[in-house]
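1. Sequence first, predicted model second:
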Amino acid sequence: MRVLVTGGAGFIGSNFVHHLLETTNHRVLTLDALTYAGTTENLSGVLDHDRHRFVEGDIRDEELVDELVEACDVIVNFAAESHVDRSIRDAEPFVETNVDGTRTLLDAALEHDIDRFVQISTDEVYGTIESGSFGEDDPLNPRNPYSATKAGADLLALSYYTTHDLPVMVTRSSNNYGPRQHREKLIPKFITRAAAGEDLPLYGDGSNVREWLYVKDNCRAVKSVLDDGQPGEVYNIGSGTELTNLEVTKQILDVVGGSKDQIEFVEDRPGHDQRYSLDTTKLRSLGWEPKWEFRDGLKATRDYYL
Ligand code: NAD
Ligand code: TDX
């Protein structure tokens, strides 16, 4: 099988490229624009792999996308602007890449009769939840510019299934952590700052809850959906490990060896979602389950960054 992985020089995409090359005989074509968030260092060790080719380019470049899609059987679209704080400052690249970039890929997939198209979405499209967990049929209620553009892309992809019969599957995963994540995100930021003796800026009172999924577990889940998912279906991916940001921060200080005095409560993120939580029964019916305990994943992540 020939797999086009977009955004494959970013955090999750690069882990997925490594995972595919290690565990399958697939040929992998990575397309990435190398924005501030992507680097070929994330692909070190596989840039010269005989089943891998890296192309620097934009998912909005219709000519290039057309040429690459023609050479592939399936597409996994990780490419996105991914940081909520940046979307609050400037939403434009989020609309352009996340919505119109996805549209460009979907049109090329249709043109070339692609076998499967996996759209990587996020738990943030459901919005915040006080108690219980979101199932795939719950309504979408994105509350920040990033998640609004991800919801747009997610629905656009599903509309290509309904309207054009394009075999689209959508994954909505919870917060990932692990090697190769950009240092703007909570866990790598706090690991590196804790080790350097710097302050750890916790937004609001630190009570916001996220469901933390080790990136390797997510890669195995995306692979399961690519292989065994049903076209037109959405699959939640989550670990069940819910922690407040304050709890995560204390665990980071513990494994890195910093002091609680480094914690600084700062002004809250505007529109900050209080809690995300996913029901993953449907994905588990495909035989997937998470393997990594949070503490083990955190230590592996610490070892990568330090
Ligand atoms: P990331 O920011 O680390 O990587 C995104 C990659 O996409 C980068 O390499 C960047 O260069 C590339 N890119 C951006 N715009 C592009 C464009 N126009 N054309 C081609 N490439 C472009 O993000 P990530 O954390 O690895 O997230 C990957 C995907 O997973 C995203 O779609 C994100 O919405 C989704 N997701 C992430 C998380 C998480 O916790 N990180 C959770 C759920 C869903
Ligand atoms: O300095 C910080 N201080 C802080 O308190 C940062 C960077 C974050 N936070 C809080 C905000 C969130 O409640 O930590 C939590 C996690 O923040 P981020 O790492 O920015 O992730 P989040 O906003 O939850 O979004 C992530 O998960 C869902 C990814 O960035 C998205 O791409 C994904 O869709």
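-> Done, it's in. Ligands and ions are numbered 1, 2, ... in the order given.
2. Give me every residue in this protein lying close to ligand 2.
-> 82-84, 122, 124, 175, 185-186, 189, 201-203, 208, 210, 245, 269 (CB under 6 Å from any ligand atom). In short, each C-beta sits where N, CA and C put it, glycine included.
3. Which among those count as buried?
-> Buried members of the residues of the chain next to ligand 2, scored by 16 or more other CB atoms under 10 Å, are 82-84, 122, 124, 175, 185-186, 189, 202-203, 208, 210, 245.
4. Same list (those) but as JSON lines, adding pLDDT and secondary structure.
-> Compiled in JSON lines, these are given as follows (pLDDT from 0 to 100; DSSP: H, G, I helix; E, B strand; the rest coil):
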{"residue": "Ser82", "pLDDT": "98", "secondary structure": "coil"}
{"residue": "His83", "pLDDT": "98", "secondary structure": "coil"}
{"residue": "Val84", "pLDDT": "98", "secondary structure": "helix"}
{"residue": "Thr122", "pLDDT": "98", "secondary structure": "strand"}
{"residue": "Glu124", "pLDDT": "98", "secondary structure": "helix"}
{"residue": "Asn175", "pLDDT": "98", "secondary structure": "coil"}
{"residue": "Lys185", "pLDDT": "98", "secondary structure": "coil"}
{"residue": "Leu186", "pLDDT": "98", "secondary structure": "helix"}
{"residue": "Lys189", "pLDDT": "98", "secondary structure": "helix"}
{"residue": "Leu202", "pLDDT": "98", "secondary structure": "strand"}
{"residue": "Tyr203", "pLDDT": "98", "secondary structure": "strand"}
{"residue": "Asn208", "pLDDT": "98", "secondary structure": "coil"}
{"residue": "Arg210", "pLDDT": "98", "secondary structure": "strand"}
{"residue": "Asn245", "pLDDT": "98", "secondary structure": "helix"}
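5. In a markdown table, list those along with distance to Thr149.
-> Below are these laid out as a markdown table (distance: CB to CB, whole Å):
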| residue | distance to Thr149 |
| --- | --- |
| Ser82 | 10 |
| His83 | 12 |
| Val84 | 11 |
| Thr122 | 10 |
| Glu124 | 10 |
| Asn175 | 18 |
| Lys185 | 18 |
| Leu186 | 21 |
| Lys189 | 23 |
| Leu202 | 26 |
| Tyr203 | 21 |
| Asn208 | 21 |
| Arg210 | 20 |
| Asn245 | 23 |
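6. In a strand, Gln230, correct?
-> No. Counting by DSSP: H, G, I helix; E, B strand; the rest coil, one finds Gln230 to be coil, located in no strand.
7. so what's it up against?
-> Met169 (CB atoms under 8 Å, 6 or more residues apart in numbering).
8. let's go with 10 Å and repeat that
-> Pro167, Met169, Lys282, Leu286 (CB atoms under 10 Å, 6 or more residues apart in numbering).
9. Are any of these buried, and if so which?
-> By 16+ other CB under 10 Å, the contacts of Gln230 give Pro167, Met169, Lys282 as buried.
10. Identify, from those, the entry nearest to Thr30.
-> Met169 (20.0 Å; CB to CB).
11. Could you give the backbone dihedrals for that closest one?
-> Main-chain torsions, Met169, degrees, to the nearest 10: phi -130, psi 150.
12. cool, Leu4 as well?
-> phi -90, psi 120.
13. can you pull the pLDDT of it?
-> pLDDT, Leu4: 99.
14. residue contacts, it?
-> Taking CB under 10 Å, 6+ apart, one finds 27-31, 55, 65, 68-69, 71-77, 105, 108-109, 114, 117 in contact with Leu4.
15. just checking, which of these belong to strands?
-> Arg27, Val28, Leu29, Thr30, Leu31, Val55, Val74, Ile75, Val76, Asn77, Phe117 (DSSP state E).
16. Indicate whether stretch 93-103 makes contact with ligand 1.
-> Yes. Using CB under 6 Å from any ligand atom, stretch 93-103 comes into contact with ligand 1 via Thr97, Gly101.
17. Equivalent analysis for stretch 108-115, please.
-> No. Contact between stretch 108-115 and ligand 1 is absent, the nearest approach being 13.1 Å (criterion: CB under 6 Å from any ligand atom).
18. Looking at that stretch now, give me its mean pLDDT.
-> Stretch 108-115 comes out at a mean pLDDT of 98.
19. could you dump it to PDB, C-alpha only?
-> Written as PDB, here are the backbone C-alpha positions of stretch 108-115 (Å, rounded to 0.1, in the frame of the first residue of the first chain):
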ATOM      1  CA  ALA A 108      -7.700  15.300  -5.100                       C
ATOM      2  CA  ALA A 109      -8.800  12.100  -3.300                       C
ATOM      3  CA  LEU A 110     -12.100  12.200  -5.200                       C
ATOM      4  CA  GLU A 111     -10.400  12.900  -8.500                       C
ATOM      5  CA  HIS A 112      -8.000   9.900  -8.100                       C
ATOM      6  CA  ASP A 113     -10.500   7.500  -6.500                       C
ATOM      7  CA  ILE A 114      -8.500   7.000  -3.400                       C
ATOM      8  CA  ASP A 115      -9.100   3.800  -1.400                       C
END
